[in-house]
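In: My questions concern the predicted model and sequence given below.
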Amino acid sequence: MPTPSNVARQPFDAVLTLRAAACAVCLLVTACSGHDPSSEAGAAAQSPKPKPEASVSLSESQVRAIKIASAGVREFADEEETVGSIDFNQNTNVQVFTSYAGKITRTYADVGDYVRAGKPLFTIESPDLMNAEQALVGAAAAFDAADAALKRAKVLLDNQGMAQKDFEAAEAALRAADAAYRASRNEVRVFGKTDAEIDRVVQSRKIDTDLVVVSPLNGRVTARNAQQGLLVQPGNAPAPFTVADVSTKWMLAYVPESDAHKFRVGQLVRVRLPALAGRVFEGAIKVAGESVDPTTHRKMLRAEVQDPKDELLPGMLTSLRARLGDPMASIGIPMNGVVREGDGTMVVWVTTDRHTFVQRSVSLGVDQDGFRQVLRGLQPGEQVVVDGAVLLSNLLKTGNAS
């Protein structure tokens, strides 16, 4: 039977039990949630306050040394850039061979000369031409003899001095001689001789062994291996002459396989050449390779670039920008308005009174035509230093601002 003291302790013990259970639940919840009030308070005490933007104040003379303008919006093309080199347009870069063996007797052009289609490049003394012209002279003589024989046969036939069958035989002989003569003319014509030249050979009975090799297109002589007295064979390298249409050039580039999907045939490109003070030439991608080099993991691109003044030289290094999509409107400021800090951040200097300038971090996009695309950190119309920003950064570091 419980004693009076035990009865009095029971409510008190129950309260203690409930309090202990509540504390255990609180500890369990805290452990599960990872929430530590003491650590939160410590973190709040240690978290730094936001760092104010750095600023400098300039004197009138210092302000005159920089350039200030309103941040404006301009269009930045959606482009991808790669590097490459210039080459001749090999589709119009023709190696000129002779069609027949022979010895070069004369040349008419040198490297760098502009030649027109049909103009002579060199001549060769060709035994094949000599044989063809000899056959032509013989066929012409046989035709004249057959023609004379037929005329005599006609006179005899009219005077009943020849049988009809003999006259018909004379007619057949003339037709055969005429066919042989025409075939001989065609054989000589294959060598590039004109009808007037063939007629001169027939009339003079003088063999002309010089075979003239002409330019197949309008262009510039880009290589010459022809020398007087050199024996040449059809198709044997090196070609005596190489002539190229230089109004267009190729730009060859090899892009990483990770970027290959960005380029396609037909894309308009701008080719910039450091050797020509950064001048830009327009063109378009004509060929995109169908495979990736297993060694370099790059894909070949070939753009055709217009070069009407023949300023691009094969081997020149270039950068190529291909347009991927429609232009994007963004804030753009000149290159001299952006400063790269030591920690890699990009900053600009803005002002409201043209006296005090505040340094502001910005996020940049692409560089085009001397402007840098600002993605974040600057609003249109804000007054920003566009030339001389590095001066303000130096003044901030040295403390020489007014």
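Out: Arrived safely. These figures come from a predicted structure and were not determined experimentally.

In: Can you mark which positions in stretch 123-131 are buried?
Out: 123, 124, 125, 126, 128, 129, 130 (16 or more other C-beta atoms under 10 Å). (C-beta placed from N, C-alpha, C; glycine too.)

In: can you check stretch 332-352 too?
Out: 332-334, 336-339, 346-351.

In: same thing with stretch 174-194?
Out: Going by 16+ other C-beta under 10 Å, stretch 174-194 has these buried residues: 174, 177, 180, 181, 184, 185, 187, 188, 191, 193.

In: what two of the residues you listed are the furthest from one another?
Out: With C-beta to C-beta as the measure, no two of the buried residues of stretch 174-194 lie farther apart than 174 and 191, at 27.0 Å.

In: Tell me, how many residues neighbour residue 226?
Out: Residues lying near residue 226 (other C-beta atoms under 10 Å) number 24.

In: My error: substitute residue 285 in the last question.
Out: By other C-beta under 10 Å, the residues close to residue 285 number 20.

In: what's in contact with the helix or strand where it lies?
Out: Here residue 285 sits within strand 279-292, counting by DSSP states H and E. For strand 279-292, the external contacting residues (C-beta atoms under 8 Å, 6 or more residues apart in numbering) are 251, 257, 260, 263-273, 298-307, 312, 322.

In: Sheet partners, orientation included, of it?
Out: strand 268-273 (antiparallel), strand 298-306 (antiparallel) (DSSP bridges).

In: Same list (those) but as JSON lines, adding mean neighbour count and distance to residue 387.
Out: JSON lines is the format used below for these (neighbours: other C-beta atoms under 10 Å; distance: least, C-beta to C-beta, whole Å):
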{"stretch": "strand 268-273", "mean neighbour count": "19", "distance to residue 387": "23"}
{"stretch": "strand 298-306", "mean neighbour count": "20", "distance to residue 387": "33"}
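
In: rank the ones you listed by mean pLDDT and give me the bottom one.
Out: Ranked by mean pLDDT, the strands paired with strand 279-292 bottom out at strand 268-273, with a mean of 88.

In: where in the stretch 1-150 of the chain is pLDDT low?
Out: 1-52 (pLDDT under 70).

In: SS state for residue 203?
Out: helix (DSSP: H, G, I helix; E, B strand; the rest coil).

In: May I have the phi/psi pair for the nearest residue to residue 368 once chain neighbours are set aside?
Out: Leaving aside its sequence neighbours, residue 368 sits nearest to residue 76 (C-beta to C-beta, 6 or more residues apart in numbering; 5.6 Å). Here is the backbone geometry of residue 76 (degrees, to the nearest 10): phi -110, psi 120.

In: got a list of what residue 76 touches?
Out: Residue 76 neighbours (C-beta under 8 Å, 6+ apart): 327, 328, 329, 330, 332, 365, 366, 368, 371, 373.

In: any idea how far it is from residue 309?
Out: From residue 76 across to residue 309, the span is 29 Å (C-beta to C-beta, to the nearest Å).

In: Same check on residue 116?
Out: 18 Å.

In: What of residue 198?
Out: 42 Å.

In: May I have the beta-bridge partners of the nearest residue to residue 371 once chain neighbours are set aside?
Out: In this structure, residue 371 finds its nearest non-sequential neighbour in residue 332, 3.9 Å apart by C-beta to C-beta, 6+ apart. For residue 332, the beta-bridge partners are residue 72, residue 373 (DSSP bridges).

In: Is residue 332 in contact with residue 367, as I believe?
Out: No - if you go by C-beta atoms under 8 Å, residue 332 and residue 367 don't touch, sitting 9.6 Å apart.

In: what's the overlap in contacts for those two?
Out: Joint contacts of residue 332 and residue 367 (C-beta under 8 Å, 6+ apart) are residue 373.

In: Make sure residue 155 is indeed in a helix.
Out: Yes - counting by three-state DSSP, residue 155 is part of a helix.

In: Quick check: the gap between the spatially closest residue to it that is not a sequence neighbour and residue 173.
Out: Take residue 155 and drop its neighbours on the chain: the residue closest to it by C-beta to C-beta, 6+ apart is residue 161, 8.0 Å away. Distance, residue 161 to residue 173, by C-beta to C-beta: 18 Å.

In: Which one's more surrounded, these two?
Out: Legend: neighbour count by other C-beta under 10 Å for residue 161 and residue 173, higher for residue 173 (17 against 11).

In: distance of residue 374 from residue 56?
Out: 21 Å.

In: I misspoke; the intended subject was residue 159.
Out: 126 Å.

In: Give me the secondary structure label for residue 109.
Out: coil.

In: And the one 3 residues further on, by the same measure?
Out: Classification of residue 112 by three-state DSSP places it in coil.

In: repeat for residue 161
Out: With three-state DSSP as the criterion, residue 161 reads coil.

In: So what does it look like in phi/psi?
Out: Residue torsions, per degrees, to the nearest 10, at residue 161 are phi -100, psi 0.

In: The one 10 residues further on now?
Out: Backbone torsions of residue 171, given as degrees, to the nearest 10, read phi -60, psi -40.

In: mind listing what it touches?
Out: With the criterion set at C-beta under 8 Å, 6+ apart, residue 171 makes contact with 150, 153.

In: Would you mind measuring from residue 253 to residue 222?
Out: Distance, residue 253 to residue 222, using C-beta to C-beta: 22 Å.

In: Domain ranges for the protein, per the record?
Out: By the assignment in automatic domain parsing, the chain contains the domains 4-43, 55-75+328-398, 81-90+244-327, 96-242.
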